[in-house]
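>>> sequence first, predicted model second:
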Amino acid sequence: MTMFVEKASEGMKPEELLASDRQILDALIEGRCTPAFLVDITGLSKPTIHNRLNILVAAGHVEKIHTSGLYELVDDPRKE
């Protein structure tokens with residue numbers, strides 16, 4: 001796990017993204033979201049949303065901007 005986090009801190013390449021990552025990024029392009037909102041609009045499970053958000057945050061693509069669990073897109077890894 002540590003090895004993945006170290007790699008993720010350098011950012012993710014588009015080919016490393018899962019379909020769930022793409023769904024989350026699509027939602028965050030539209031604006032800030034909470035995990036509960038992401039569950040509602042993507043249909044993904046709460047654990048999947050939390051896991052993938054943590055990975056996207058570690059990679060520097062998403063930022064948790066409030067302790068209530070509000071997230072925003074910082075850098076879309078799909079854009080060159």
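Okay, I see it. Numbering: from 1, shown residues only.
>>> for my notes, confirm L38 occurs in a helix.
Yes - assessed with DSSP: H, G, I helix; E, B strand; the rest coil, L38 lies in a helix.
>>> got a pLDDT number for it?
L38 carries a pLDDT score of 98 in this model.
>>> from K79, how far off is the closest residue to it other than its chain neighbours?
The spatial neighbour of L38 that comes closest, neighbours along the chain excluded (Cβ to Cβ, 6 or more residues apart in numbering), is I49 at 4.9 Å. Glycine gets a C-beta too; all of them are placed from N, C-alpha and C. Relative to K79, I49 is positioned 22 Å away (Cβ to Cβ, to the nearest Å).
>>> about what we covered before: you'd agree the residue nearest to L38 is in a helix?
Yes - I49 sits within a helix when classified using three-state DSSP.
>>> please save the CA atoms from stretch 29-37 in CSV.
Below are the C-alpha coordinates for stretch 29-37, written out as CSV (Å, rounded to 0.1, in the frame of the first residue of the first chain):
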residue,chain,number,x,y,z
ILE,A,29,-15.7,19.0,-13.1
GLU,A,30,-19.3,20.3,-12.5
GLY,A,31,-18.4,21.6,-9.1
ARG,A,32,-17.6,20.7,-5.5
CYS,A,33,-19.2,17.4,-4.2
THR,A,34,-19.6,15.5,-1.0
PRO,A,35,-19.1,11.7,-0.9
ALA,A,36,-22.9,11.2,-0.3
PHE,A,37,-23.7,13.3,-3.4
